[in-house]
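Enquirer: predicted model, plus sequence, below.
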Amino acid sequence: MALSGMRGLSVFISDIRNCHNKEQERLRVDKELGNIRTRFKNEKGLSPYEKKKYVWKMLYIHMLGYDVDFGHMETVSLISAPKYPEKQVGYIVTSCLLNENNDFLRMVINTVRNDIIGRNETYQCLALTMVGNIGGKEFSESLAPDVQKLLISSSCRPVVRKKAALCLLRLYRKNPDVVNIDGWSDRMAQLLDERDLGVLTSVMSLFVSLVSNNAEAYWNCLPKCVRILERMARNQDIPQEYTYYGIPSPWLQVKTMRALQYFPTIEDPSARRALFEVLQRILMGTDVVKNVNKNNASHAVLFEALALVMHLDAEKEMMSQCVALLGKFIAVREPNIRYLGLENMSRMLLVTDVQDIIKRHQAQIITSLKDPDISIRRRALDLLYGMCDVTNAKEIVEELLQYLNTAEFAMREELALKAAILAEKFAPDLSWYVDVILQLIDKAGDFVSDDIWYRVVQFVTNNEDLQPYAAAKAREYLDKPALHETMVKVSAYLLGEYGHLLARRPGCSPKELFTIINDRLPTVSTSTVAILLSTYAKILMHTQPPDAGLQQQILAIFKKHESYIDVEIQQRAVEYFELSKKGAALADVLAEMPKFPERESALLKKAEDAEVDTAEQSAIKLRSQQHTSNALVVADHPPVNGPAPAANHLTLVKIPSQNIAEESHVSYEETTVEAPKENGAPVEVESKVENITETNIQSKVEPPTSHPVSQADLLADLLGPLAIEGPPAAVEQNPVQGLEANQSPVGDLALATLEDQSNSVQPIVNVEEKFHVLCMKDSGVLYEDPHIQIGLKAEWRAHHGRLILFLGNKNTSPLVSMRALILPPSHFKVELSSVPDTIPPRAQVQIPLEVTNLRASRDVAVLDFSYKHGTVLVNAKLRLPIVLHKFLLPTTLTPEDFFPQWKTWNVQPLKIQEVDTNPNNMVACATFYSETNRTTLCLVRVETDPQDRTQLRLTVASGDQYLTFELKEFIKEHLIDIPITHAAPPPAPQQPQLPPAAAAGAPGTYNDPGAILAGLL
């Protein structure tokens, strides 16, 4: 690509390099772009040399970072040139300037195809290179057969076949359908017999991609891969140009071993024996040398061999050899090798019966905690955490506590969490656990989450023998001059609850405990003050016989905080002050906290959630995750349909009257409507609005069942900030209420609940509640049982939705026979990507789901999934939160726009009710998206009667009568409760009554929904 003959191009590059600042460069580039644009307008006067020169200039300007939005036609036309210099420029610049979606590429598909099937090898290479760089669906559909013919052709030179293999790899990644699996299995087996290492390396890249999507179809290629490795290991017939620092083609070895990891196992005894001989030779022949390049190549082969050994579940002797080799690596001086040794030793922990062998290197791993490189220290911490068990827990936790004093701030939070988890999981006795956690809080209080000290409180509360010891240790820490606020919290709580057990010890009388705790009161935050007030009330209750002086001091503190700015503290102070006057009744109210119910540790759950499933964790896990080619990760995106208003879903307009000339006021502070940030109409109204009489509709939808407060929540309410997460609530299974509209069989099935399922494995979350939460959010947990957790993340764009299902295996054994089927209603068009048959231990797979809304309907789609854990088959049907309001977008209308539109819809089916003039009203506006009608404006109006606070009227209007009906029914189901009148028609007016369940414990305000709405207006 000699440019010396293009004087104009050389001068332009020199001018750019001589510019003193960015502004001069921009002016010179603008001048040149203007000159090129002018010359291209008179294309007939351009010689091939000039066109080539100007296209080179455009490429150089593009490489500088400037937009080049013209000249694409001239660039593409050079591909059709008969001479090599012009054709070369056309192919190179087209590859750089245009992407796969550019319309100009369609013009050259025939030209590129002619070059590929032609006899000129140079043109073939140029065309294959451009197609491989750009890719694209159209290229793959039009050119893939010709590229395949080049690859398997025996008459083509190796340089062409290499480029054909890489070009086909790019096309396959863009469109997997271009490779017919049935026919390609035998072809790939023939290609793996190739003797030219350049072609074989390119073919192996293609093979890795093919086998990652469907390993079952390529079993006949497995022996060929083993033979390739044997050839490399014995250094047979390896040209000198493919030997890198004495290592035969390390890239080919790495790719071949990676391909073998996609096969579940190797059943052929001879192939398995030959492969293990190769792996043994690699393990024995790899050592650390001074040459960095040779180290890099040999270790790339070695670590891929280690991953293959783990995948094949080799004999214990070979596993021991692998661990011993890694033990040598973590002791060398080179930091990169130490890092790789620690990382791969962490992977080895996933293999059974290897942990005891790794423990032999515990001292060296602990030494790595003091390494100057923070990356090595992190890997050492992960390895110690993974290898810890009952036998070495004390030693490892003590080392972590010592390291906590010198650890960087970036590591302390992770270090504190892992030390707390290890102490809880492997504590030889509970007193040691209390010691460890209190030391942890003392040394790194800023990095200790509330979950850690909550857990200590749970253990101490549930073990009476531990209570005096924990209170005594808390008393010791309070003697320290400098104390972290978290330590003040836990010490105050423990002494408030169990300080009376130390009354006979010196320095532990109620007055002394009060004095030492009260010294901390001026220095703590508001949340801690609330706990201290509760502690004072407990001390006052336990002081027997009563101490008048102590009582006066505590009452003075309560009196002082009765006017505190924080409402929580103010309320506690008032209540404790009044309770202190009750005498003996105080002991009943402030009785000792009962035992907490047994439940899963929040710390362990946090550790599981924080675990990252990546290649750095496990090569086996990586292969299994890549088995699903459609697995995607969707990041959080802002709403595609534009920025949402502050009230999120609906723009609520507060209108004092229907007089359009009056000034309107947009309000975003209404609290009755709660809505997420995604597309959608409001989906929840405060539960107080339970009874609303509607004149023309005689139907009833049951209100959401309020969840009972768990015992732990009631017990912990006394110490608000100390409230500890209660046990999982019982799964409430509320059948979906009957709908007025006629539904298809699929629609009926879409309303299935977990009550229809008879599984021995039951969910550990409230599935109904999770569904309703996801109706208002775009991400969260949909389902969870002891073996699997299903999460969901959604993105909505007009009438299209994209969801990703996250299927996470919570166990140390795989989940097999995974099946998932979407049962959509007739108004949805749903496409679900393929689901892997197996989810490896502690792994997560992601399944994309595309949804198109065809028309308005309240029916929802159902996910019918099943899996096997061991011999237990689990099957569940879950409603997916693809609901009507997900396809609504908030719309802002002024009164001047709202009421003219409202009045145009006078046809009865388009309105649920006619509207009377009423100054006490609230309106909402949104746009509904569907494939049938594209966009439809929806209007809602709520009217109240100031004289009768028990009634209000809600009116829905839109340009589509079916949408109006579905939206009205949707609002009824999710927002309001309309009582059914059982009297003969016409129904006699009557005051609405609360349902019996709600009336039992409902406050008086439940009888006045109009008052609630009027307060908003």
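Expert: Thanks, I have it. Numbers count the residues shown, from 1 in each chain.
Enquirer: let me see the domain layout of this structure.
Expert: Domain ranges of the chain: 388-462, 465-592, 767-882, 888-904+920-975, per the TED database.
Enquirer: redo those as TSV? Include distance to T256, mean pLDDT and mean neighbour count.
Expert: To be clear about C-beta, it is placed using only N, CA and C from the backbone, and glycine gets the same treatment. Shown next, in TSV, are the domains of the chain (distance: least, C-beta to C-beta, whole Å; pLDDT from 0 to 100; neighbours: other C-beta atoms under 10 Å):
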stretch	distance to T256	mean pLDDT	mean neighbour count
domain 388-462	36	89	19
domain 465-592	54	88	17
domain 767-882	22	84	19
domain 888-904+920-975	48	76	19
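Enquirer: for the ones you listed, which one sits closest to E50?
Expert: The closest of these to E50 is domain 767-882. By C-beta to C-beta, the value is 45.8 Å.
Enquirer: give me the element the nearest residue to D479 once chain neighbours are set aside is part of.
Expert: Among residues not flanking D479 along the chain, I516 sits closest, at 7.5 Å (C-beta to C-beta, 6 or more residues apart in numbering). Using DSSP states H and E, I516 sits in helix 510-518.
Enquirer: dump the C-alpha coordinates for that helix into PDB.
Expert: Only the C-alpha atoms of helix 510-518 are listed here, as PDB (Å, rounded to 0.1, in the frame of the first residue of the first chain):
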ATOM      1  CA  PRO A 510     -27.600  -0.400  86.300                       C
ATOM      2  CA  LYS A 511     -26.400   3.100  87.100                       C
ATOM      3  CA  GLU A 512     -22.800   2.400  85.900                       C
ATOM      4  CA  LEU A 513     -24.100   0.800  82.700                       C
ATOM      5  CA  PHE A 514     -26.300   3.900  82.100                       C
ATOM      6  CA  THR A 515     -23.400   6.300  82.700                       C
ATOM      7  CA  ILE A 516     -21.000   4.600  80.400                       C
ATOM      8  CA  ILE A 517     -23.600   4.300  77.600                       C
ATOM      9  CA  ASN A 518     -24.900   7.800  78.100                       C
END
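Enquirer: helices or strands next to it in the packing?
Expert: With contacts defined as 3 or more C-beta pairs under 8 Å, 6 or more residues apart in numbering; DSSP states H and E, helix 510-518 has these neighbours: helix 467-478, helix 485-498, helix 526-542, helix 548-560.
Enquirer: for that helix, the distance to its chain's centre please.
Expert: Centroid displacement of helix 510-518 relative to its chain, using C-alpha atoms, centre = their mean, to the nearest Å, is 48 Å.
Enquirer: low pLDDT regions in the stretch 601-750 of the chain?
Expert: The stretch 601-750 of the chain contains residues with pLDDT under 70 at 605-750.
Enquirer: check contacts around the residue nearest to K174 when sequence neighbours are not counted.
Expert: Distances taken as C-beta to C-beta, 6+ apart put G135 closest to K174, at 4.6 Å, once the chain neighbours are dropped. Contact analysis of G135 by C-beta atoms under 8 Å, 6 or more residues apart in numbering lists E100, R170, L171, R173, K174.
Enquirer: most neighbours out of those, which is it?
Expert: Highest neighbour count within the contacts of G135, by other C-beta atoms under 10 Å: L171, with 24 neighbours.
Enquirer: what sits up against the host helix or strand of that residue?
Expert: Using DSSP H and E, L171 sits within helix 158-174. Helix 158-174 is contacted by residues 100, 121, 124-125, 128-129, 131-133, 135-137, 139-140, 143-144, 147-148, 150-151, 153, 156, 178-179, 191, 196, 198-199, 201-203, 205-206, 209-210 when judged by C-beta under 8 Å, 6+ apart.
Enquirer: now do stretch 862-871
Expert: 749-750, 752, 761, 782, 787-788, 790, 805, 811, 813, 815-823, 839, 873-880.
Enquirer: can you rerun that using 6 Å?
Expert: 749-750, 752, 787, 815-821, 823, 874-875, 877-880 (C-beta atoms under 6 Å, 6 or more residues apart in numbering).
Enquirer: pull the distance from that stretch to the chain's centre.
Expert: From the chain centre to the centre of stretch 862-871 is a distance of 22 Å (C-alpha atoms, centre = their mean).
Enquirer: please save the CA atoms from it in PDB.
Expert: The C-alpha coordinates for stretch 862-871 follow below in PDB (Å, rounded to 0.1, in the frame of the first residue of the first chain):
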ATOM      1  CA  VAL A 862     -47.400 -17.900  31.300                       C
ATOM      2  CA  LEU A 863     -43.900 -19.400  31.700                       C
ATOM      3  CA  ASP A 864     -44.200 -23.200  32.000                       C
ATOM      4  CA  PHE A 865     -40.800 -24.500  33.200                       C
ATOM      5  CA  SER A 866     -39.500 -27.700  34.700                       C
ATOM      6  CA  TYR A 867     -36.200 -29.200  35.800                       C
ATOM      7  CA  LYS A 868     -34.700 -32.100  37.700                       C
ATOM      8  CA  HIS A 869     -32.700 -31.900  40.800                       C
ATOM      9  CA  GLY A 870     -31.400 -35.400  41.400                       C
ATOM     10  CA  THR A 871     -34.400 -37.600  40.900                       C
END
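Enquirer: and the helix holding L171, what's buried?
Expert: Residues 159-172, 174 are the ones in helix 158-174 that count as buried (16 or more other C-beta atoms under 10 Å).
Enquirer: what element comes up after it heading to the C-terminus?
Expert: Assigned by DSSP H and E, the successor of helix 158-174 is helix 181-191.
Enquirer: buried stuff in that following helix?
Expert: Taking 16+ other C-beta under 10 Å as the criterion, helix 181-191 shows W184, S185, M188, A189, L191 as buried.
Enquirer: how far out from the middle of the chain is the helix or strand where D15 lies?
Expert: According to DSSP H and E, D15 maps onto helix 7-17. In this view, helix 7-17 has its centroid 50 Å away from the chain centroid, taken as C-alpha atoms, centre = their mean.
Enquirer: what inclination does the helix holding L171 have with respect to helix 181-191?
Expert: 150 degrees (axes from the mean of the first three to the mean of the last three C-alpha atoms, to 10 degrees).
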